[in-house]
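K.L.:
Got a predicted structure plus its sequence, pasted below:
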Amino acid sequence: MLTALARLGAWTLGLLAGIGRFAAFTAETVSHAVRPPFHGREIGLALLQVGWLSLPVVGLTALFTGGALALQIYAGGNRFGAEAVVPQIVAIGMVRELGPVLVGLMIAARVTSSIAAEIATMKVTEQIDALVTLSTHPMKYLVLPRVLAGLVSVPLLVAVGDVIGILGGWFVATERLGFVSTPYLRNTINFLEPLDILSSLAKGAVFGFLAALMGCWFGMTSGRGAMGVGRATKSAVVAAAVAILAANLILTEAFFSA
């Protein structure tokens, strides 16, 4: 019994210590955002990697999801004679929930894994130690550009994904389900409210911040060797996905609880 309690206590203390280290890492990252110098080239490369190069996978994911959502809503509404609600539900479903969450998870799969593997490899090959030797702060040079890129790029990706998802639903509805294009688009525009769009962009900013931060954290704290790089990459993706889903629940409650 005492052994089990000791193990439980050690696990709890380790968990709390890990949370504390992550909180300190986050606070240090935020503090560097308001202190020069800033590495413009690294920020530009991070914006390209996180934002522009993620557009194809985000666009395809949103397009197919919007089309499938229209089919599912039509099939479900057909049971109750409510087929006409397809444009409204597709719009609110994509903008409020599916758009931000799917983009966040795609970023976690594509960008978080890349960041974690890159930084972990730099740690294993002692490139981070070389940066310190050259009087370059690793947090300023490696972490901050990627976190800023996630914070700025992902809301834009969410906006693009929302539009493409709605267009995917529109295409399926007009080509397969017999909807007329102009009334469909009018119902979509009239149904959305500014709060829906604001919540979608806010979720994108939070999800981008979390995805980039998780990749940096697990990369900077990875173990040595190939096994350490692999474990850091896997842990970063899992942690980013769980954090995004948890943050989505909290933000949805904050925006729409009333």
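P.N.:
Thanks, I have it. Numbering: from 1, shown residues only.
K.L.:
Tell me how the protein divides into domains.
P.N.:
Per automatic domain parsing, the structural domains of the chain span 1-31, 42-256.
K.L.:
any chance of those domains in a markdown table, with mean pLDDT too?
P.N.:
A markdown table is the format used below for those (pLDDT from 0 to 100):
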| stretch | mean pLDDT |
| --- | --- |
| domain 1-31 | 83 |
| domain 42-256 | 90 |
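K.L.:
Pick the most buried one from these.
P.N.:
domain 42-256 (a mean of 19; mean count of other Cβ atoms under 10 Å). For every residue, glycine as well, the C-beta is placed using N, CA and C.
K.L.:
what distance separates it from the middle of the whole chain?
P.N.:
4 Å (Cα atoms, centre = their mean, to the nearest Å).
K.L.:
check contacts around residue 199.
P.N.:
Residue 199 makes contacts with 96, 251-252, 255-256, as judged by Cβ atoms under 8 Å, 6 or more residues apart in numbering.
K.L.:
Now go through those residues and say which are in helices.
P.N.:
The members of those that map onto helices under DSSP state H are 251-252, 255-256.
K.L.:
quick check, nearest of those residues to residue 151?
P.N.:
residue 251 (14.9 Å; Cβ to Cβ).
K.L.:
ok, for that closest one, nearest residue in space, not its chain neighbours?
P.N.:
residue 203 (5.3 Å; Cβ to Cβ, 6 or more residues apart in numbering).
K.L.:
List the residues that contact the one you found.
P.N.:
100-101, 104, 158, 247-248, 251.
K.L.:
cool, residue 51 as well?
P.N.:
149, 152-154, 156-157.
K.L.:
List just the nearest of the residues you listed to residue 38.
P.N.:
For the contacts of residue 51, the nearest to residue 38 is residue 149 (12.7 Å; Cβ to Cβ).
K.L.:
dump the residue contacts of that closest one.
P.N.:
Residue 149 touches 43, 46-47, 49-51, 208, 212, counting by Cβ under 8 Å, 6+ apart.
K.L.:
Tell me which of those fall in helices.
P.N.:
Counting by DSSP H, these contribute 43, 46-47, 49-50, 208, 212 to helices.
K.L.:
quick one: which two of those are the most distant?
P.N.:
It's 43 and 208 that sit farthest apart of the ones in helices among the contacts of residue 149, by Cβ to Cβ, at 13.9 Å.
K.L.:
so which strand or helix has residue 201?
P.N.:
Element membership of residue 201 [criterion: DSSP states H and E] is helix 194-220.
K.L.:
does residue 114 sit in a helix or strand, and which one?
P.N.:
Using DSSP H and E, residue 114 falls in helix 113-124.
K.L.:
helices and strands around that helix, which ones?
P.N.:
Helix 113-124 makes packing contacts with helix 194-220, helix 225-256 when contacts are defined by 3 or more Cβ pairs under 8 Å, 6 or more residues apart in numbering; DSSP states H and E.
K.L.:
quick one on the thing from earlier: which of the contacts of residue 199 sits closest to residue 72?
P.N.:
For the contacts of residue 199, the nearest to residue 72 is residue 96 (16.3 Å; Cβ to Cβ).
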